[in-house]
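1. Here's a sequence, model it:
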Amino acid sequence: MRAIVIGETGGPEVLRPAEAPDPVAGPGQVVVDIEARGVNFIEIYQRSGAYPMSVPFTPGSEGAGRVSAVGEGVTEFAVGDRVGSVAVAGSYAERAVVPVDALVPLPDSVSTEQAAAVLLQGLTAHYLTHSTYSIQPGDTVLVHAAAGGTGLLITQLAKLRGARVIGTVSTEAKEKQARDAGADEIIRYSESDIAEEVARLTDGAGVAAVYDGVGADTFDASLASLRPRGVLVLFGQASGPVPPVDPQRLNSAGSVYLTRPTLVHYTAERAELLERATDVLGLVGIGSLNVHVGGHYPLDEAAKAHTDLAARATTGKLLLV
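-> From the prediction side, this is the model:
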């Protein structure tokens, strides 16, 4: 089968197409013929060495397709079933072995491509808005990179929960994307001071929560934008890691909270994974949650997809197909 293999960490050029052995399902596993796979910042971190990995390896974790073989003891899925997962180790390949416990069935109302585009970021947006900080009707929240794949989904789910959403973007085109997703107010971070604009838009009160996947470039503004006892949800570092923080700053900012969540801790139990996936895919199926695919790339052009994502020159979700 064709696969992308990383032999050494580095820039996008280390994402090299290669031939790899076909996978074989073991007990409790299935083989999935992957039709579409999402491109995510975690793969950039792994490729660059920011998140250490043993080389060589095939990157990727998010994918959707059809079951082509089942291992011993598998009864929940059968050959031909449409499935998706955020734990497809090595999804940058034509086929992959996936543990049954990591798979979710896809409803007929959701296409395989939609599932590949929404699962990782949709589950992330779900736990962020429902659990890490459970948005209440009337809350005002700040969403950084509101036109990105996760930002668009956070914005939509926040609106469904009754929030007023302030989004940050860099361009007019991205502003339109964020407003189409439901953002009430937009801050062009390249033109305005974020914290000052948040203060103006909230009459000095600040926001209940900040959803920050950008990291180093936005952290200070995020902290300064919170209301007393607000929550800074730092779920990514697209611009680089945040330097060490003196906890006293949380006191000075108004007895605020800082959390650094990750999806694995919010889907650790299969029941919770299925509940979140059912919610997200159900909303997609009825049209209440729109999935914006910002780019389709052939599998062999994974390097270009990484380059475009890292440049923050895209909106929505990027797929390798």
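2. Only C-alpha atoms from now on, for both contacts and neighbour counts.
-> OK.
3. Then residue 318 would be within a strand, right?
-> Yes. Residue 318: assigned to a strand according to DSSP: H, G, I helix; E, B strand; the rest coil.
4. Can you check the pLDDT for it?
-> At residue 318, the model reports a pLDDT of 93.
5. Can you tell me the number of residues neighbouring the nearest residue to residue 55 once chain neighbours are set aside?
-> Leaving out its chain neighbours, the residue that sits closest to residue 55 by CA to CA, 6 or more residues apart in numbering is residue 7, at 5.6 Å. Other residues near residue 7 come to 15 when the count uses other CA atoms under 10 Å.
6. how close does residue 7 sit to residue 303?
-> According to CA to CA, to the nearest Å, residue 7 and residue 303 sit 14 Å apart.
7. Give the residues shared as contacts by those two.
-> residue 14 (CA atoms under 8 Å, 6 or more residues apart in numbering).
8. wait, the residue nearest to residue 55 sits on residue 54?
-> No. Taking contacts as CA atoms under 8 Å, residue 7 lies outside contact range of residue 54: 9.3 Å.
9. Okay, strands next: where are they in the stretch 201-321 of the chain?
-> Remark: strands assigned in the stretch 201-321 of the chain by DSSP state E, counting those that start in this stretch are 207-212, 226-234, 257-259, 293-297, 317-320.
10. For the residue nearest to residue 64 when sequence neighbours are not counted, pull up the helix or strand it's in.
-> Closest residue in space to residue 64, ignoring its immediate chain neighbours: residue 84 at 4.1 Å, by CA to CA, 6+ apart. In this structure, residue 84 sits in strand 82-85 according to DSSP states H and E.
11. Show me what the following helix or strand past that strand is packed up against.
-> Downstream of strand 82-85, the first helix or strand assigned by DSSP H and E is strand 95-99. Counting contacts by 3 or more CA pairs under 8 Å, 6 or more residues apart in numbering; DSSP states H and E, strand 95-99 packs against strand 29-39.
12. Which elements pack onto the strand it packs on?
-> Counting by 3+ CA pairs under 8 Å, 6+ apart, strand 29-39 packs on strand 63-70, strand 95-99, helix 112-127, strand 317-320.
13. Tell me which of the strands of the stretch 201-321 of the chain lies nearest to residue 88.
-> strand 317-320 (13.9 Å; CA to CA).
14. Contacts made by that closest one with the rest, please.
-> Outside strand 317-320, the residues that reach it (CA under 8 Å, 6+ apart) are 36-40, 92, 116-118, 148-149, 291-299, 301-302, 305, 309.
15. Mind giving me the PyMOL select for the residues you listed, buried ones only?
-> In PyMOL, this line selects whichever of these come out buried by 16 or more other CA atoms under 10 Å:
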select buried, resi 36+37+38+39+40+92+116+117+118+148+149+291+292+293+295+296+297+299+301+302+305+309
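16. can you redo the strands of the stretch 201-321 of the chain as a markdown table with distance to residue 245?
-> Output for those, formatted as a markdown table (distance: least, CA to CA, whole Å):
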| stretch | distance to residue 245 |
| --- | --- |
| strand 207-212 | 16 |
| strand 226-234 | 13 |
| strand 257-259 | 10 |
| strand 293-297 | 35 |
| strand 317-320 | 31 |
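17. ok, back up a step: what residues does the residue nearest to residue 64 make contact with?
-> So residue 84 contacts 62-65, 103-106, 112, 115-116, 119 (CA under 8 Å, 6+ apart).
18. Highest neighbour count among those?
-> Neighbour counts for the contacts of residue 84 (other CA under 10 Å) peak at residue 63, which has 38 neighbours.
19. in the sheet, who's paired with that one?
-> Judged by DSSP bridges, the bridge partners of residue 63 are residue 37, residue 85.
20. who touches it in this structure?
-> Residue 63 neighbours (CA under 8 Å, 6+ apart): 34-38, 84-86, 88, 91, 115-116.
21. can we see that at 10 Å?
-> When contacts are counted by CA atoms under 10 Å, 6 or more residues apart in numbering, residue 63 touches 32-39, 83-93, 95-96, 103, 112-113, 115-120, 319-321.
22. do you know how far it is from residue 313?
-> Taking CA to CA as the measure, residue 63 falls 23 Å from residue 313.
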